[in-house]
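Colleague: show me how the following folds:
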Amino acid sequence: MEDMLLKVEGLCKKYSKFSLEKISFGIPKGYIMGFVGQNGAGKSTTIKCIIDLIPYESGNIQVAGLDSKRNSVEVKQHIGYVSEEQYFYEEMTAEWTGGFIGGFYSNWDKAYFDKLLCDFNIDRKKKIRELSKGMKTKLSLALAFAHRPQLLILDEPTSGLDPVARSELLEILSDMLQNGDCSILFSSHITSDIEKIADYVTIINKGKIILSEQKDDILNNWKVIKAENGLYSEEVCKGLIGIKKGELGFSGITDKVEHFSEQFRRINPKGKFKTEKVNLDELLVRLVKEGEYGA
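Modeller: Residues are numbered from 1 along each chain as shown. This next block holds a predicted model:
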């Protein structure tokens, strides 16, 4: 990946019961990266390190070529951030909120903010407490985009939204990326949202990156392998991940189908197996959880 807008290299952050261990990934300019993992995997901790909300022990983070520690204030001018929970002055209006937030950014574009309010059908005179959760999320996006950031960081923004609101939000994000000037780090445990709009996918588990590639490569290379129980053996399943065994057969996933095929036919010359496509949800589950017979 060239022309990286965000580069995270060897990031380590230690708590008493949890650690980020040498986290490394990058996002090219103009692309969306889905940051996927179960709750507690380290997504939010990584994001807080990127935007310099918490200190970290070692590693390097660059945004638009700037070191996030040494240039913390300047880097924040390049970042738009939307979290799962939106915190506002509930008695104030959307219009007032824009004026208040705009004071923190040197490149705040009021005309663009007003246009976003209009595009998102947000009544600028309505008090925040009168807005639904979905409308508050849209307001957060408008606030995050109005200073025209190079990097938009979304930390579980679709969590708690109904399917219609989630679909509308994903369309908004896709439209905003059309000019190619902005990149998005989209953190979520809702893999179907990531699968719809992401160009790259990074999967984190227990503070470690276990996969980071282009989404299409992941979905094309990884397959589910299925066969009858009578063909199961530790040798034939060597190399399969997330193995599960049921009444009708066993299954596992691999990104080395040809190697598995050679191995399978050598052990079971007359046996048959089948391959199926894998989605991000099943891939995540298989990668982060041991199956009945282990990974």
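Colleague: what's the next secondary structure element after whatever helix or strand Leu219 lives in?
Modeller: For Leu219, the host element (DSSP states H and E) is helix 215-221. Note on helix 215-221: by DSSP H and E, the next helix or strand toward the C-terminus is strand 223-227.
Colleague: now that next one - C-alpha only, PDB.
Modeller: Provided in PDB are the C-alpha atoms of strand 223-227 (Å, rounded to 0.1, in the frame of the first residue of the first chain):
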ATOM      1  CA  LYS A 223     -12.700 -20.500   1.900                       C
ATOM      2  CA  VAL A 224     -14.700 -22.800   4.100                       C
ATOM      3  CA  ILE A 225     -13.800 -26.400   3.600                       C
ATOM      4  CA  LYS A 226     -16.500 -29.100   4.300                       C
ATOM      5  CA  ALA A 227     -16.300 -32.900   4.300                       C
END
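Colleague: what residues sit buried inside the helix holding Leu219?
Modeller: Across helix 215-221, burial judged by 16 or more other C-beta atoms under 10 Å covers 215, 218-219. Every C-beta, even on glycine, is put in place using the N, C-alpha and C of the backbone.
Colleague: and of the residues you listed, the nearest to Asn205?
Modeller: Ile218 (15.0 Å; C-beta to C-beta).
Colleague: the bottom helix or strand of this protein by mean pLDDT?
Modeller: helix 163-176 (a mean of 81; mean pLDDT, DSSP states H and E).
Colleague: give me the contacts around that one.
Modeller: With contact meaning C-beta atoms under 8 Å, 6 or more residues apart in numbering, helix 163-176 is reached by 32, 120, 133-134, 137-138, 141, 145, 152, 154, 157-158, 161, 182, 184, 186, 190, 193, 196-197.
Colleague: quick one: name whatever helix or strand follows it.
Modeller: Taking DSSP H and E, what comes next after helix 163-176 is strand 183-188.
Colleague: buried set for the next helix or strand after that following strand?
Modeller: Note on strand 183-188: by DSSP H and E, the next helix or strand toward the C-terminus is helix 191-197. Of all the residues in helix 191-197, those buried under the rule 16+ other C-beta under 10 Å are 191, 193-195, 197.
Colleague: could you dump those into JSON lines with distance to Asp281 and pLDDT added?
Modeller: Shown next, in JSON lines, are the buried residues of helix 191-197 (distance: C-beta to C-beta, whole Å; pLDDT from 0 to 100):
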{"residue": "Thr191", "distance to Asp281": "4", "pLDDT": "88"}
{"residue": "Asp193", "distance to Asp281": "11", "pLDDT": "87"}
{"residue": "Ile194", "distance to Asp281": "9", "pLDDT": "91"}
{"residue": "Glu195", "distance to Asp281": "8", "pLDDT": "91"}
{"residue": "Ile197", "distance to Asp281": "15", "pLDDT": "89"}
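Colleague: quick check: the most centrally placed residue in the chain vs Tyr200, distance?
Modeller: With distances taken as C-alpha atoms, centre = their mean, Phe35 lies nearest the centre of the chain, 2.1 Å away. Distance, Phe35 to Tyr200, by C-beta to C-beta, to the nearest Å: 10 Å.
Colleague: likewise Leu248?
Modeller: Leu248 is 36 Å from Tyr200, by C-beta to C-beta.
Colleague: neighbour count: these two, which is higher?
Modeller: Tyr200 (24 against 9; other C-beta atoms under 10 Å).
Colleague: ok, that one - contacts?
Modeller: Contacts of Tyr200 (C-beta under 8 Å, 6+ apart): 1, 27, 31-34, 212-215.
Colleague: now restrict the residues you listed to buried residues only.
Modeller: 27, 31-34, 212-215.
Colleague: go through the residues you listed and name the one nearest Lys13.
Modeller: Looking across the buried ones among the contacts of Tyr200 and measuring by C-beta to C-beta, the closest to Lys13 is Ser212, at 17.8 Å.
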